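Trainee: Sequence first, then the predicted structure:
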Amino acid sequence: MATPAPAHSFAYLGGVLEGQDILQALLQNQAWQPGLILALTDDALSGAAGGRPWPASFAGLPVVKVPSFQSPQAWQALGAARVQGVLCAGISEILRQSFLDAFPLGVYGFHGSLLPALAGPAPVNWAIVNGEKETGVTTMRIVEELDAGL
């Protein structure tokens with residue numbers, strides 16, 4: 001039986017405001033710590049809804065700011081940290097197949113609903129509009145095709 005990869009072999013890619021909020025929740029109980037935190041530069045976030053700048057460090061961990069998660073700067077940081085898997089939150093960048101294939105443990109993200117009920121944009125808004133009685137968050141493996149289903 002293979003030994004599971006250590007938590008530090010995962011990088012965290014954080015985009016807009018909810019990216020910071022989700023990371024804070026993950027780190028709060030010290031149950032998980034990424035080996036690398038990548039965030040968008042202040043310029044890349046400008047104009048984005050919820051585009052609050054990332055601090056230089058987050059919960060004592062340094063934050064590497066990049067213009068794009070698939071930029072040469074991002075690839076260099078991911079390679080230097082020997083990242084094996086990626087967890088993303090609050091990103092709107094479409095991740096290309098070459099990026100998805102680069103990490104043997106996969107690339108994962110969050111959707112703000114219990115899929116497949118509210119697939120698509122603005123799931124929290126639609127949950128309120130539809131008067132949903134139950135909601136949650138789905139963690140999923142990211143694939144190249146958008147809305148490719150579960």
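Mentor: Received, thanks. Because the structure is predicted, anything quoted here is derived from the model rather than measured.
Trainee: use CA for all of it now, contacts and neighbours both
Mentor: Fine.
Trainee: so where's the chain uncertain?
Mentor: Regions of the chain meeting the criterion pLDDT under 70 cover residues 1-8, 49-50, 146-150.
Trainee: tell me the strands in it, going along the chain?
Mentor: Listed in chain order, the strands of the chain (DSSP state E) span 10-14, 36-40, 57-58, 61-66, 85-89, 106-111, 138-141.
Trainee: Make a markdown table out of those strands and add distance to Ala77 and mean neighbour count.
Mentor: Compiled in a markdown table, the strands of the chain are given as follows (distance: least, CA to CA, whole Å; neighbours: other CA atoms under 10 Å):
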| stretch | distance to Ala77 | mean neighbour count |
| --- | --- | --- |
| strand 10-14 | 10 | 26 |
| strand 36-40 | 8 | 25 |
| strand 57-58 | 15 | 12 |
| strand 61-66 | 8 | 18 |
| strand 85-89 | 13 | 23 |
| strand 106-111 | 16 | 19 |
| strand 138-141 | 22 | 15 |
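Trainee: So which of the ones you listed is nearest Val124?
Mentor: Taking CA to CA, strand 106-111 is the member of the strands of the chain nearest to Val124, at 9.7 Å.
Trainee: ok so, going back, could you dump the strands of the chain into CSV and include distance to Arg96?
Mentor: Output for the strands of the chain, formatted as CSV (distance: least, CA to CA, whole Å):
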stretch, distance to Arg96
strand 10-14, 15
strand 36-40, 17
strand 57-58, 27
strand 61-66, 17
strand 85-89, 14
strand 106-111, 11
strand 138-141, 14
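Trainee: how close does the spatially most central residue of the chain sit to Ala127?
Mentor: When CA atoms, centre = their mean is applied to the chain, the residue found nearest the centroid is Cys88 (1.1 Å). As defined by CA to CA, to the nearest Å, Cys88 lies at a distance of 23 Å from Ala127.
Trainee: Quick one: the helices in this protein, in order.
Mentor: In the chain, the helices defined using DSSP state H lie at 17-28, 42-45, 72-80, 97-101, 123-129.
Trainee: what does the first one contact?
Mentor: Applying CA atoms under 8 Å, 6 or more residues apart in numbering, the set of residues contacting helix 17-28 from outside is 13-14, 32-33, 50-52, 54, 59, 88-91.
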